[in-house]
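Enquirer: This is a predicted model, with the sequence first.
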Amino acid sequence: MKPLEICIIGGGAAGFFAAFAAAETRRDSAISILEKGPQFLSKVRISGGGRCNVTHTPGDVRAFASSYPRGERALIGALQRFQAADTIAWFETRGVPLKTQTDGRVFPVSDSSQTIIDCLLTETQRAGVQTFTRAGVEQITRREAGPFELTLSNGFTRTCDRLLLATGGCRTPAGGGLAVSLGHTLEPPVPSLFTFHVQEAWVPALAGISVESVEASVPELSLRERGPLLLTHWGLSGPVILRLSAWGARAMHGVNYECPLLLNWLPDLNREQVATRLQALSAQLPAKRIVNTAFPPLPGRLWEQLVRTAGISPETRWSALSRSARHLLTEHLVRSSLTVRGKSMNKDEFVTCGGIPLREVNFKTMESRICPGLHFAGELLDIDGITGGFNFQAAWTTGWIAGRAMAAE
Ligand SMILES: Cc1cc2nc3c(=O)[nH]c(=O)nc-3n(C[C@H](O)[C@H](O)[C@H](O)COP(=O)(O)OP(=O)(O)OC[C@H]3O[C@@H](n4cnc5c(N)ncnc54)[C@H](O)[C@@H]3O)c2cc1C
């Protein structure tokens, strides 16, 4: 009997995981990975600054899924079938020990993405999966419910019974062209996980300063996040900004990355507590210059800048701080107003928001609801996570489910 022919378009994390899952499920199937580039897993190589943040520390599936601005609901069921703990076990049982950092990110102990690539390539060979580079798929046709016919960039054609599209995030609508040619639609792609340029000149002057916990909000877009903040040469970065950019990816695109931003530098205190602390310093250190006073947890240079921005001269001593000036300083500490003027992509991890709408896919099998036999996995779907290993986990999970389903009877 002719073996089941499975073709996987895209040799990235999702495509490789789908290939293993299919090979494990049905040993007599013929599985091929077709990759348009000269090498496989090129994003794995550059990921996590070359260390590959494979996944995030496992936990309750619902809590884990809440780290996906797009895809949260669909991923709850999917993660119940293959979650972060399964990813960790998968790599460790194949000789790749992993470690978890205090921030929850999981990396190979080697701190090298090459370890992950070597493991995936070795396991593919062992599973008998055929792999082809420089084999971009340019066209897919299908007559009725017959096999898929693929036209490749290297001049070859192939046919298959089951097909997986794992072509990665589409930075332009053309990236989703193959799916569209088979009847699917596309949520327009926009960037996620970016850092902010800001108009205020004092911010770049403090480049390199970080604050452990800041609350950043964009009231007009109903966005609010809390976490570490980094001041950079162009504006603001750090987990709080990346999270804000992920949740606000579409809304911020809508305002052309120009909007007011509020920062609360002391989110653990309320306004009254901040005012009381300033009043206490006036009483305790009347002769000391305000800018020279330690004000933990704020770094000294940032405190000095915030005092100046509140209109208080560097010469002012606590005894001379008027009630209205104290009020202004309090406001500045809990509600600094800045202006976002553009964005830069985060160099360690950037993903696309948008792709195949999740309503067009059955998440139990990752099969298309429009074209039977066609499956989807990875970033091509309208799923994206915040930084920290969530994007790879979505690729492993959806790839694994798709692979098993494609090879099922
Ligand atoms: C710089 C950077 C760092 C990152 N770091 C992390 C991290 O540390 N942790 C994390 O969780 N996420 C990280 N990400 C995100 C993560 O890399 C992606 O979410 C993940 O790679 C998606 O996997 P995928 O298999 O869906 O797509 P991809 O890895 O993009 O693979 C898709 C493959 O399909 C191929 N392809 C496309 N079209 C065709 C075609 N027509 N025919 C044949 N082949 C085709 C492409 O060449 C590509 O190789 C990072 C992203 C970037 C850009």
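Expert: Cool, the structure landed. Numbers count the residues shown, from 1 in each chain.

Enquirer: Who are the contact partners of the residue of the stretch 1-150 of the chain found nearest the ligand?
Expert: Across the stretch 1-150 of the chain, no residue is closer to the ligand than G12, which sits at 2.1 Å (CB to the nearest ligand atom). C-betas here are computed from N, CA, C, even on glycine. Counting by CB atoms under 8 Å, 6 or more residues apart in numbering, G12 touches 40-44, 166, 168, 378-379, 395.

Enquirer: From E35, how far out is whichever residue of the stretch 301-409 of the chain sits closest to the ligand?
Expert: Nearest residue of the stretch 301-409 of the chain to the ligand: G378, at 2.1 Å (CB to the nearest ligand atom). Computed as CB to CB, to the nearest Å, the G378 to E35 distance reads 13 Å.

Enquirer: neighbour count winner among those two?
Expert: Using other CB atoms under 10 Å, the more surrounded residue of G378 and E35 is G378, with 31 against 25.

Enquirer: which one is that one nearest to, not counting chain neighbours?
Expert: A14 (2.8 Å; CB to CB, 6 or more residues apart in numbering).

Enquirer: buried stuff in the helix or strand harbouring the one you found?
Expert: Using DSSP states H and E, A14 sits in helix 13-25. Neighbour-count burial for helix 13-25 flags 13-23 (criterion: 16 or more other CB atoms under 10 Å).

Enquirer: Now do the shared contacts for G378 and E35.
Expert: With CB under 8 Å, 6+ apart, G378 and E35 have common neighbours 10, 15.

Enquirer: Convert stretch 232-248 to CSV, retaining C-alpha atoms only.
Expert: Written as CSV, here are the backbone C-alpha positions of stretch 232-248 (Å, rounded to 0.1, in the frame of the first residue of the first chain):
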residue,chain,number,x,y,z
THR,A,232,17.8,53.8,26.1
HIS,A,233,19.5,56.0,23.6
TRP,A,234,16.3,56.3,21.6
GLY,A,235,13.7,56.1,24.4
LEU,A,236,12.2,53.3,26.5
SER,A,237,12.6,49.5,26.6
GLY,A,238,12.6,46.7,29.1
PRO,A,239,9.9,44.1,29.9
VAL,A,240,7.2,46.6,30.8
ILE,A,241,7.5,48.4,27.4
LEU,A,242,7.7,45.1,25.4
ARG,A,243,4.5,43.8,27.2
LEU,A,244,2.7,47.1,26.5
SER,A,245,3.7,46.9,22.8
ALA,A,246,2.5,43.3,22.6
TRP,A,247,-0.9,44.0,24.1
GLY,A,248,-1.2,47.2,22.2
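
Enquirer: how distant is it from the center of its chain?
Expert: Here stretch 232-248 is found 12 Å from its chain centre; the criterion is CA atoms, centre = their mean, to the nearest Å.

Enquirer: How about stretch 40-54?
Expert: Averaging C-alpha positions (CA atoms, centre = their mean) puts stretch 40-54 13 Å from its chain's average.

Enquirer: What's the end-to-end length of it?
Expert: End-to-end distance of stretch 40-54 (CA to CA, to the nearest Å): 16 Å.

Enquirer: So which residues make contact with that stretch?
Expert: 11-13, 16, 33, 87-88, 91, 98, 105-108, 111-117, 120-121, 131, 133, 168, 347-349, 387-389, 392.

Enquirer: before we move on, what about stretch 265-277?
Expert: Contacts with stretch 265-277, where a contact means CB under 8 Å, 6+ apart, come from 211, 213-215, 226, 297-298, 302, 306, 326-327, 330, 333-334, 336.

Enquirer: just checking, which of those belong to strands?
Expert: 211, 213-215, 226, 336 (DSSP state E).

Enquirer: circling back: of the contacts of G12, just the buried ones, PyMOL syntax please.
Expert: Buried subset of those, written as a PyMOL selection, criterion 16+ other CB under 10 Å:
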select buried, resi 40+41+43+44+166+168+378+379+395
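
Enquirer: Now, of the contacts of stretch 40-54, which are buried?
Expert: Buried subset of those (neighbour count, 16+ other CB under 10 Å): 11-13, 16, 33, 87-88, 91, 98, 105-108, 113, 115-117, 120, 131, 168, 349, 387-389, 392.

Enquirer: Direction included, what does the lowest-mean-pLDDT helix or strand in the chain pair up with?
Expert: Each helix and strand of the chain was given a mean pLDDT (mean pLDDT, DSSP states H and E); the minimum falls on strand 351-355 at a mean of 89. Partner strands and pairing direction for strand 351-355 (DSSP bridges) are strand 187-192 (antiparallel).

Enquirer: And the strand it pairs with, what's buried?
Expert: For strand 187-192, a neighbour-count test (16+ other CB under 10 Å) marks 187, 189-192 as buried.
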